[in-house]
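K.L.:
After the sequence you'll find the predicted model.
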Amino acid sequence: MSRSRGRLLVGQSGGCTAVMNSSLVGVIQEALQHPEIDGVYGAVHGIEGVLKEELIDLTREPADNLQRLRYTPAAALGSGRYRLRPGDLELLLEVLKAHNIRYFLYIGGNDSADTTHRLAQAAVAANYELSAIAVPKTIDNDLPLTDHSPGYGSIARFIALAVRDAGRDTEAMRHREPVKIIEVMGRDAGWVAAAAALGKHEEADAPQLIYVPERPLVLERFLNDVEETYRRVGFAVAVVPETIRDENGQPLGQIPLSMGELADAFGHPRLAGAADFLCHEVTRQLGLRARWDKPGTIQRMSIACSSPVDLAEAYEVGRAAVRYALQRETDQMVTLQRDGGLEYHSTTGLVPLAEVANAEKKLPPEYIESSRPFVTDAFREYALPLIGAPLPEYGRLSGPVVPPRLHRRLPS
């Protein structure tokens, strides 16, 4: 039985990344090569755009513009965080039928996988022929059953570079402000925070301490870690995720009610202030001046720090999604798997969305040091291929100290 000729609809959802548009271009360029696809439409601001019937025709997009978009950060179609409500699935099917959409590809993370899963099930229940495929995207790297997710390699490179640079600044200013705490993204999995270790080669390189959501942060122990590091190295740089919690499961930092909603449409809490809180405690209890940095949204979609590996894989999962859809696959997510050879290489596969939607892949125990707040060599072996070319090498002055002749001390 042949598939009905129809159009392909693609959307983007969730937090933007440096390589999200690379997946979009992969979808468009692959779809245009197949005559059984009768047109390529884009949904403005994700599934909400489908509900509002806000669609754009991508079929005649100039080739040179698509090439530029491949290396453009964020979401060219506009992203969103819309949670399906009662009655939405029926309306979605009405829109798909009205435009003869037979292929639906959704670029996003855990929540987008859930939306795609529910739409695929609704199409089956309505006996409407539709291939619904999720295209993975998340800087959190927490999608299960895939080796990693497009978007992670680039934020990992950004974090490795940023933390290493912040460490050099702290090292230079150690007599004035010897403690730096860097707060990064990562929701409830430690993949982003762990990436800070990828730029560390010597003991003096930052960070000296990495805390992940998989382990509670006990304040007394944290302060001991900072003080011991300061005494040993002369300064201390610690990385904490915005979602870090104490031994009672309570977040260390949370936006106050006066600043608006505490959670998005999917119930994910808006957390901030962990680094600020910890800096305050370092100064109050240890008497050490501390500063904090928080890169904000720039960390998740900085094209300047994008990984070439990440860009290439994001493009390939977009192309693969089209090919799988043409094979009448549905209710599936594209995965990336490394082939296990001496040199890094990945291939694509599929996994049922029922096993992905609303699930979360945590940092495994073998990637977390048991004796100190840091990550293991096994994590470095896993993550280093994903950030692309080696980071630029830095140096330190090594000349001998000139002996003083006056032996004077400046007043403190």
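P.N.:
Noted; the coordinates are in hand. Quick caveat, the model's predicted, so the values are computed rather than measured.
K.L.:
which regions of the stretch 251-400 of the chain sit below the pLDDT cut-off?
P.N.:
Counting by pLDDT under 70, the stretch 251-400 of the chain shows low-confidence ranges at 253-272.
K.L.:
how does it look with 90?
P.N.:
251-273, 340-342, 357-359, 399 (pLDDT under 90).
K.L.:
So Ser307 versus Ser154, what's the distance?
P.N.:
5 Å (CB to CB, to the nearest Å). C-betas here are computed from N, CA, C, even on glycine.
K.L.:
which neighbours do these two share?
P.N.:
19, 387 (CB atoms under 8 Å, 6 or more residues apart in numbering).
K.L.:
Which of those two has more residues huddled nearby?
P.N.:
Ser154 (33 against 25; other CB atoms under 10 Å).
K.L.:
Could you report the distance from Ala195 to Gln299?
P.N.:
Taking CB to CB, one finds Ala195 at 10 Å from Gln299.
K.L.:
same question but for Glu53, I mixed them up
P.N.:
34 Å.
K.L.:
Also His148?
P.N.:
Applying CB to CB to His148 and Gln299 gives a distance of 17 Å.
K.L.:
Looking at those two, which is more packed in?
P.N.:
Using other CB under 10 Å as the criterion, His148 and Gln299 rank with His148 on top: 26 against 21.
K.L.:
So for that one, what's the pLDDT?
P.N.:
As summarised for this prediction, His148 has a pLDDT of 98.
K.L.:
Would you agree it is in contact with Leu386?
P.N.:
Yes: counting by CB atoms under 8 Å, Leu386 is a contact partner of His148 at 5.9 Å.
K.L.:
and stretch 348-356, how far apart are its ends?
P.N.:
Using CA to CA, to the nearest Å, the end-to-end distance of stretch 348-356 comes to 16 Å.
K.L.:
circling back: overlap in contacts, Ala195 and Gln299.
P.N.:
Listed as contacting both Ala195 and Gln299 by CB under 8 Å, 6+ apart are 155, 159.
K.L.:
the helices in this protein, which residues?
P.N.:
Using DSSP state H, the helices of the chain run over residues 20-31, 47-51, 63-69, 88-98, 110-125, 152-172, 191-194, 219-233, 274-281, 298-301, 308-326, 377-383.
K.L.:
now, of those helices, which is deepest in the fold?
P.N.:
Ranked by mean neighbour count under mean count of other CB atoms under 10 Å, those are led by helix 191-194, which reaches a mean of 30.
K.L.:
Pull the residues that contact that one.
P.N.:
139-142, 152, 155-156, 159, 184-186, 210-213, 239-241, 299, 363, 367, 375, 379, 383.
K.L.:
got the CA coordinates for that helix in PDB?
P.N.:
C-alpha atoms of helix 191-194 as PDB (Å, rounded to 0.1, in the frame of the first residue of the first chain):
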ATOM      1  CA  TRP A 191      26.000  17.200  32.000                       C
ATOM      2  CA  VAL A 192      26.400  20.900  31.500                       C
ATOM      3  CA  ALA A 193      28.300  21.500  34.800                       C
ATOM      4  CA  ALA A 194      30.500  18.500  34.100                       C
END
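K.L.:
Quick one: distance of it to the chain centre.
P.N.:
9 Å (CA atoms, centre = their mean, to the nearest Å).
K.L.:
for stretch 316-324, same thing?
P.N.:
20 Å.
K.L.:
Kindly report the same for stretch 31-50.
P.N.:
Centroid displacement of stretch 31-50 relative to its chain, using CA atoms, centre = their mean, is 25 Å.
K.L.:
go on, stretch 22-32?
P.N.:
21 Å.
K.L.:
count of neighbours near Val402?
P.N.:
Counted with other CB under 10 Å, residues neighbouring Val402 total 6.
K.L.:
give me every residue that touches it.
P.N.:
By CB under 8 Å, 6+ apart, Val402 has no neighbours at all.
K.L.:
And the pLDDT at it?
P.N.:
92.
K.L.:
all numbers from here: first residue = 537
P.N.:
I'll keep to 537 as the first residue from here, and by that count the last item is Val938.
K.L.:
Check the gap between it and Pro686 for me.
P.N.:
52 Å.
K.L.:
how's the chain carved up into domains?
P.N.:
Here the domain parsing of the chain from automatic domain parsing is 542-686+840-891, 692-838+898-923.
K.L.:
Adding distance to Ser934, write those domains out as CSV.
P.N.:
Listed next are these as CSV, based on distance: least, CB to CB, whole Å:
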stretch, distance to Ser934
domain 542-686+840-891, 29
domain 692-838+898-923, 12
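K.L.:
of the ones you listed, which approaches Arg945 most closely?
P.N.:
domain 692-838+898-923 (13.8 Å; CB to CB).
K.L.:
can you give me how far that closest one is from the chain middle?
P.N.:
That offset, for domain 692-838+898-923, works out to 16 Å (CA atoms, centre = their mean).
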